[in-house]
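>>> Quick one, structure for this:
(2 chains)
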Protein chains: 2
Amino acid sequence: MNKDLAISDLTARFGTKINLSTADREQHGADESSHAVMMPDAVLYAATTEDVADAVRICARHRMPVIPFGAGTSLEGHVTAPHGGLTIDLSLMNRVLAVNEADLDVRVQAGVTRQSLNAYLRDRGLFFPVDPGADCTLGGMVGTRASGTNAVRYGTMREQLLSLEVVTATGEIIETGNRARKSAAGYDLTHLFTGSEGTLGVVTEMSLKVYGRPEKLMAGVCRFPDLGAAIDTVITTIQMGLPVARIELLDELSIKAVNAYSGLKHQEAPTLFLEFHGSAAAVDADIAAFSDLAADMGGSDIEFAEKQEDINKLWHARHQLYYATRAMEPGKHVVTTDVCVPISRLGDCMRETRRDMDESPIVGTMLGHVGDGNFHTILLADPNNLGEMRALDDLHDRMVTRAIEMGGTCTGEHGIGLGKMKYLEKEKGPAVHLMRQIKAALDPVGIMNPGKLLPGMENGS
Amino acid sequence: MNKDLAISDLTARFGTKINLSTADREQHGADESSHAVMMPDAVLYAATTEDVADAVRICARHRMPVIPFGAGTSLEGHVTAPHGGLTIDLSLMNRVLAVNEADLDVRVQAGVTRQSLNAYLRDRGLFFPVDPGADCTLGGMVGTRASGTNAVRYGTMREQLLSLEVVTATGEIIETGNRARKSAAGYDLTHLFTGSEGTLGVVTEMSLKVYGRPEKLMAGVCRFPDLGAAIDTVITTIQMGLPVARIELLDELSIKAVNAYSGLKHQEAPTLFLEFHGSAAAVDADIAAFSDLAADMGGSDIEFAEKQEDINKLWHARHQLYYATRAMEPGKHVVTTDVCVPISRLGDCMRETRRDMDESPIVGTMLGHVGDGNFHTILLADPNNLGEMRALDDLHDRMVTRAIEMGGTCTGEHGIGLGKMKYLEKEKGPAVHLMRQIKAALDPVGIMNPGKLLPGMENGS
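Numbers count the residues shown, from 1 in each chain, chains lettered A, B, ... in the order given. Okay, here's the model as predicted:
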């Protein structure tokens, strides 16, 4: 890499859009996780796809790493710059370009966030369902194949994408698909770029499915005497085919953490948070069926609401959990795990994980997008206590091994980034060899987000 | 390629599983389309994944083309052997390996056909929804990213796949995913192989989603005074969010063809064929809502049935259409077209296409999986009349150009094969360059189904 020449060419082309200040570089050298800050050499605030293409071409010429950056909300160090390079910040590319109400699709730039898209759609009676915790950019959500609480009904980011505009590693601008709902024309590049974490190119625009707002939306909670009863209720709900829009589980310690954090007195028991969408008749029937089932399984305090402020009150604990867990032991290193297993194994996996956590010195809460078989733990360890840090790593290792042995994955929705690289080969075996071949073919100079996702290619070019 | 050495090595390894007879080679040199027969040099009836891997390794050593073959029901010449080589017939790999009722998924070998899978699942109250016309193998359906009448509700083959076992072009055996419903771990190889038409490797096994049989299933028909009224009814049905399981349109000439073929007296008018799945209450409500809507749009003779034999009677015309069209002018060359457009453009696209057909010398019927924006025409031309054959080509060209200009695709579900290669670049532009790079990376010797899908790589190695 010839960094000085690269920066001089970038400055000549972009002028003040290139930022070299430490503050800017530091801000772009970290995400929301506990991964170490690793600064890029420069930051470009791209305004157009052509900006991105020109920047990538300049970087390719000088073998300078390129790191795409949206809202910086990733959880596995995806946007850090272990080899320096140019971070391309896409947050100014935040326009909704078209809303096709008749086709239920939209065209957006990659820097649009999920919440701003929903604000834009609200007046038209439409919504976009994929909702990771943070207000991520849609480009970032493509990068990590993001998901969230609605995935059990509407699918993940993977299911919403009709087409991507991508700047390739050689600075070419391509469109992977079109607005047809299905196509059998050639290799599925849309899905190859989805989940590729900026290692194959920079996503600059996309066509996405959106949905009509349901006639009726009701949300509720239900408490259980133990974790097993709550999980069994989830499994039966899914297997009965009840079209639940959201079904989230918080364990007893989670509710305890939220009570302490917000000065509340929720019953400290494993709790399900649910939402149903549909016609008035269908939602009422679904809630009645769920309530019968949950009561049979030992559920109690079943409560549903329709007004948004009442729903917010019921769901308060769910929304506060991340901050409430951190507040249990302030200053500690936080790791959010993300395994996903076939739903028939979810009970075994969550119970064994809870037992393992209880037996370890690590404090942690457990929650899940349980309708998908996906759950997280939020684990705390003292960064100055090596023994505790190692215990956290070991606990996480056992969790991932357990999930993979049960036919699952090390990451349901957060992606590989830096943090899960050591697990990719364990999960995928020789398939990783093909991923390396694809990477080498599409990014021959090795400049696209080097050091992420693919183990054994950490050194970029 | 050293054909003689390859065949001698294959015979040494496989003995009588290798077939060199002209009859066997001829049968494997053609599919169900009008594409010319092009025979392979040999046919292997593979019994195991290891058979496939060993065969591919031997072929790679001698640069001998490899063509995967399932039921031979493709429509774009996918299984022909323009460069000779070894056809691997997977029809003996036809075992259902596991049914996980609790997770609603199955594990099958690639040679299982969709109808035999459904026969296997019936007693367990499960079904697999993807239903191209023929009784294809599931491996072939992965290859072409197949679809069918249920896609509007359940999605295409793309949405059903959890994981694939693939023999790569170098004879390695990989597994692309696992049974978790979602994963953010690495590049999406499952979807890269889906729709790759055997040009990147041979699919040998897969994990697939299956579904619980609906509590109630009702099917019906409805006739319209003109094509526009029928299409507008479809568009409104989809936009209202009515969860139709199937919605198929036959034009007036289609019904005429079926009446002549089967000696029936259906009213010769554009006709919709529908199916609704769900709880008894939901299906009744959906049918009432559809019937109101259709009557408003000028629909008449709305008739629904619940007993399978009554449904079969109602849907008879739909099932007979291909043969009925061929019988209109026996001995003619048949081309089935396959464009798909955003549903807001479906009316324009179908009306302009019908007008274009009426103004051309080509006779053809028109039908559609219209809920997806996908429709076919079945076109007839005299193979000995050059003018007619050229008129057919021109008509098809205009149809594809029209669909692409309306934001659609040259193929909704049949794939590229030989027949659509000339359109791939028109539709995908510079993205085809990336497809070529992927092909070169994963199949460096160029042995996997050479001459298909990718224009400019027709000559294989």
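>>> Around chain B, pick out the residues from the stretch 1-150 of chain A.
With the criterion set to C-beta under 8 Å from any C-beta of the partner chain, the stretch 1-150 of chain A comes near chain B through A:100, A:102-105, A:144-147. The C-beta positions use only the backbone N, C-alpha and C, and glycine is treated the same way.
>>> Quick check: the farthest pair among those residues?
The most widely separated members of these are A:A102 and A:T144, with 30.6 Å between them, by C-beta to C-beta.
>>> where's the helix or strand where A:A295 lies relative to the chain centroid, distance-wise?
Here A:A295 sits within helix A:280-296, counting by DSSP states H and E. Going by C-alpha atoms, centre = their mean, to the nearest Å, the spacing between the C-alpha centre of helix A:280-296 and its chain's C-alpha centre is 30 Å.
>>> What would stretch A:348-356 look like as CSV? C-alpha coordinates only.
What follows is the C-alpha trace of stretch A:348-356 in CSV, where atoms were taken according to Å, rounded to 0.1, in the frame of the first residue of the first chain:
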residue,chain,number,x,y,z
ASP,A,348,-32.1,-27.9,25.3
CYS,A,349,-29.8,-25.1,24.1
MET,A,350,-31.2,-22.3,26.2
ARG,A,351,-31.5,-24.5,29.4
GLU,A,352,-28.0,-25.9,29.1
THR,A,353,-26.7,-22.4,28.4
ARG,A,354,-28.5,-20.9,31.4
ARG,A,355,-27.0,-23.7,33.6
ASP,A,356,-23.6,-23.1,32.2
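>>> Quick one: check it for contact with chain B.
No. Against chain B, stretch A:348-356 shows no contacts by C-beta under 8 Å from any C-beta, the least distance being 10.7 Å.
>>> buried sites along that stretch?
Taking 16 or more other C-beta atoms under 10 Å in any protein chain shown as the neighbour-count basis, stretch A:348-356 is seen to contain the buried residues A:349-350, A:353-354, A:356.
>>> Show me which of those is closest to B:F193.
Distance to B:F193, by C-beta to C-beta, is smallest for A:C349 among those, at 28.1 Å.
>>> if I look at the closest one, how far off is chain B?
A:C349 sits 11 Å away from chain B when distances are taken as C-beta to the nearest C-beta, to the nearest Å.
>>> For that residue, give its distance to B:A184.
Counting by C-beta to C-beta, to the nearest Å, the separation of A:C349 from B:A184 is 17 Å.
>>> again, but for A:P342
With distances taken as C-beta to C-beta, A:P342 is found 16 Å from B:A184.
>>> So between the two, which is more surrounded?
B:A184 (30 against 22; other C-beta atoms under 10 Å in any protein chain shown).
>>> Just the ones in helices from the residues of the stretch 1-150 of chain A next to chain B, please.
Among the residues of the stretch 1-150 of chain A next to chain B, the members falling in helices are A:T144 (criterion: DSSP state H).
>>> Of the residues of the stretch 1-150 of chain A next to chain B, which belong to strands?
Residues from the residues of the stretch 1-150 of chain A next to chain B lying in strands, with DSSP state E as the criterion: A:100, A:105.
>>> Lowest-confidence member of the residues of the stretch 1-150 of chain A next to chain B, which is it?
Ranked by pLDDT, the residues of the stretch 1-150 of chain A next to chain B bottom out at A:A102, which has 90.
>>> Please list the residues of the stretch 351-461 of chain A that sit near chain B.
A:372-374, A:404, A:407-416, A:420, A:423-424, A:427-435, A:437-442, A:453-454.
>>> and those, which are buried?
By the neighbour-count criterion of 16+ other C-beta under 10 Å, these include these buried positions: A:372-374, A:404, A:407-416, A:420, A:423-424, A:427-428, A:431-432, A:434-435, A:437-439, A:441-442, A:453-454.
>>> Report the contact partners of A:D394.
A:S360 (C-beta atoms under 8 Å, 6 or more residues apart in numbering or on different chains).
>>> tell me which element it falls in.
Assignment of secondary structure by DSSP H and E places A:D394 within helix A:386-405.
>>> any idea of the mean pLDDT for whichever helix or strand comes after that helix?
Scanning forward in sequence from helix A:386-405 by DSSP H and E, the next helix or strand is helix A:421-428. For helix A:421-428, mean pLDDT rounds to 97.
>>> Tell me the helix or strand right after helix A:421-428.
In N-to-C order, the element after helix A:421-428 by DSSP H and E is helix A:431-442.
>>> can you list contacts of that following helix?
Identification of contacts with helix A:431-442 by C-beta under 8 Å, 6+ apart yields A:168-169, A:192, A:199-201, A:424-425, A:428, A:446, A:453-457, B:168, B:172, B:174-176, B:186-187, B:189, B:192, B:434, B:437-438, B:440-442.
>>> Out of those, list just those in strands.
Counting by DSSP E, the part of these found in strands is A:168, A:201, B:168, B:174-175.
>>> What is the neighbour count of the residue nearest to A:K256 when sequence neighbours are not counted?
Nearest residue to A:K256 in three dimensions, chain neighbours excluded: A:E268, at 5.0 Å (C-beta to C-beta, 6 or more residues apart in numbering or on different chains). Burial of A:E268, expressed as a neighbour count using other C-beta under 10 Å, amounts to 16.
>>> Over to A:E268. Which of the three states is it?
Here A:E268 takes the coil state, with states given by DSSP: H, G, I helix; E, B strand; the rest coil.
>>> pLDDT value on it, please?
95.
>>> Was I right to think it contacts A:I255?
Yes. Using C-beta atoms under 8 Å, A:E268 and A:I255 qualify as a contacting pair, with a distance of 5.0 Å.
>>> Can you tell me the SS state at the closest residue to A:S291 other than its chain neighbours?
Among residues not flanking A:S291 along the chain, A:I302 sits closest, at 5.2 Å (C-beta to C-beta, 6+ apart). Applying three-state DSSP to A:I302 yields a three-state assignment of strand.
>>> thought A:I302 was touching A:T233?
No. Counting by C-beta under 8 Å, A:I302 sits too far from A:T233 to count as a contact (10.7 Å).
>>> Who has more neighbours out of those two?
Residue environment comparison for A:I302 versus A:T233 gives the larger neighbour count to A:T233, 25 against 17, counting by other C-beta under 10 Å.
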